Each structure stands twice: as C-alpha cells, then as structure tokens.
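> Fold the following, please.
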Amino acid sequence: MDALEIAKKLYELSGLQIRPIDKACAPSVGIVRDEIAGKTVFSAVCGANSYVFEIDGAGEDREVTAALARELIYGFSQKTGDNTTRDFLNGRGVPPVSLGKTDYYVFAVYCRIPDRVREYLSAMACAEDFVADMGDGKTAFCKKVDDDYRSAGEFGTVLHENLAEEIDAGVKIGVGGIAHGTSELPTYYAYANSALASGAEFDPQSDVYSYKEYALIKMLSSLPYTETEKFVKTALGRNYRAVLGDEELMTAADAFIRRSLNISEASRSMYVHRNTLIYRLDKIEKSTGLNIRNFNDAMTFRVAYLIYKRAEDEMKKP
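Take a look at the predicted model:
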C-alpha cells in the first residue's frame, strides 16, 4: 500500500483528508504543528514502511486529528496481515524497504499484550523507524540511531521505562545492538531475540537484556563447574561466597546496577538513605576489590554473579 492509497483509504473510512509529502519534511517527533504555514505534519507507520502526511490547520484540534489518522493508518497494516518485515527479519525473503546504509538500534520487545506495544511504538516512531509483529507476543522495533544516546543499551533502558509507564504487563526488551545497513537487520534481530531468551534463563528478574552481555555469560556458563568457580573466585576474590550469599549486599548491588550506577535513584528504589547504600557498596569493594561505581567493575561483578548463580543452580539439579 503506497502513500496515495493510504490517503484514499483513510478518506473512505473516516472522511479525514490527508496529503502525502516528501519524507525530507518528516517531523523529529510524531506530530508537528506548523502555525506559520497553517499545516500539521505527521509521520505514520504502515506495515514495514513509514510515511509523512500533512493536513490543513495547525490548531490543537488538528493535532488530535493527526493522532487519530496515525492510529488508523497503523491499523491498516494489522488488518492486511503484511508479513514481509517479519519474514525478512527472520532471515527469509527480501528487505521490505530500502534502508541503504542507515544505522539502526534493533530490539525485540516481549509483552503479553503485544498490540499495546506496537500501538505505542508506532505512535513514537519517526519516519525512518519501523515496527513489526513477530508473533508469540514479540515485536521488532528498529530505531534509527539517535545521537542523543550513547548506545543501543542506553536507548533500550529508556524505552523500557517509557513502555512500563504506559503498559503494566511485564514488558521485556532484548537489545540486539546497532545494525549497519539493511543487510545486517536480520542478524541483529536474531541477537535481540537471543538476548530475550538468555535473559529469561539467567536473570528473569531483569527487564532489559543485552546480547553482548548474555553471549559472554552463556559462553562462560558452558565451562565445567571447577572452571566456572575458578573464574568467579578470580573476579570476586576468595570471599566471594560470603558476598554473593549476603542478601542485603546483593540487593544493593542489583538496585545500583539496574539504575545505571546512580546512587540517588538506587537508594530511592530501595527506600534507604543514600549513605546506607554507599556503605553497602563500600563493603562490597572491601570484600571483592571491585568498585562497582565504575562501569567496568560493575559489569565484571554482574557477569560473575550470574555465572555463579547458574552454576549453583545446575549443581542442585538431581
């Protein structure tokens, strides 16, 4: 379905009159009111493609009309059952749209009410982003790389926070990384999908899983128990069992790492004074030699803990 067909179908369905315009005029957000020109411009996603339209008028009522149009256009792709993007991201078929050398963050989003996720992602998507129903509660989201974020993981964390505010249904996000051009999208979606599966296996309490992190954890977890224990002991020191078995310390470490090493946010989430959290982090450093206020030490601590936890769970199996 091209832009003119969408405009025609929307008019037949609702009486709304919209005009397709060049993507170069795409707004930086979903809807922009141009009061000087007397127009309202909005981007919309239909299937694998994104489009830009305009309507006359720039008042608040026109913004509401544009929002309604976006939802109706998104609904077209759900009703037509376009599987082109799904097949492509699953490694079958050809690209649904030419993206050239555009860099994209690639995510796999799981939720038990995926329609809500796709509705939200489509509403926030810019002209060059796209959203696809991948089945089994999963949604693929390919977001053009934004200079506002340092990494796909950082954007994934922000994305989860926004989705969790809108949808109270256990949203989980697998972060595939950054795909460089169309040809890499299936590979990075596979990474994102793998991250979701590995996250559920190793750390079901978390909500955002990075492929890079869990690929390393999975590889190390395949080592014999004696080798795993040696790695954990090397990373965390001889007193590692005392630290990893201390619920108070592990709760502090988990909250601190989940809140991107932010003392204030972590202490608020735990309902403790920031000095209490600092004391516990200092205690971890004294016992392990790792200062988890430092990103590299935090990641070493987290990887070692998850590997240790997996090895102990395996040892307990009959």
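
> which residues of this protein fall in strands?
With strands called from DSSP state E, the chain shows them at 19-20, 31-34, 39-46, 49-56, 103-110, 130-135, 138-144, 172-180, 208-210.

> closest to residue 92 out of the ones you listed?
Closest to residue 92 of the strands of the chain, according to CB to CB: strand 130-135, at 12.4 Å. C-beta here means a position set from N, CA and C on the backbone, and glycine is covered the same way.

> now that closest one against strand 39-46, angle please.
30 degrees (axes from the mean of the first three to the mean of the last three CA atoms, to 10 degrees).

> residues of strand 130-135 that come out buried?
130, 131, 132, 133, 134 (16 or more other CB atoms under 10 Å).

> which of those residues lies closest to residue 59?
For the buried residues of strand 130-135, the residue nearest residue 59 by CB to CB is residue 131; the value is 28.7 Å.

> what's the closest non-adjacent residue to the closest one?
residue 121 (4.6 Å; CB to CB, 6 or more residues apart in numbering).

> Residue 254 versus the one you found, what's the distance?
28 Å (CB to CB, to the nearest Å).

> show me what contacts the residue lying closest to residue 217 once chain neighbours are set aside?
Distance criterion CB to CB, 6+ apart; nearest residue to residue 217, sequence neighbours excluded, is residue 306 at 5.3 Å. Listed by CB atoms under 8 Å, 6 or more residues apart in numbering, the contact partners of residue 306 are 202, 203, 217.

> Quick check: the farthest pair among the buried residues of strand 130-135?
Pairwise distances among the buried residues of strand 130-135 were taken by CB to CB; the largest, 12.3 Å, belongs to 130 and 134.

> just to revisit the earlier point, I'd say the residue nearest to residue 131 and residue 109 touch.
Yes. Using CB atoms under 8 Å, residue 121 is in contact with residue 109, at 7.4 Å.

> any common contacting residues for the two?
139, 141.

> Now the buried residues of strand 130-135 in a markdown table, please, with extra columns for distance to residue 64 and pLDDT.
Converted to a markdown table, the buried residues of strand 130-135 look like this (distance: CB to CB, whole Å; pLDDT from 0 to 100):
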| residue | distance to residue 64 | pLDDT |
| --- | --- | --- |
| 130 | 25 | 80 |
| 131 | 22 | 85 |
| 132 | 27 | 86 |
| 133 | 26 | 87 |
| 134 | 31 | 89 |
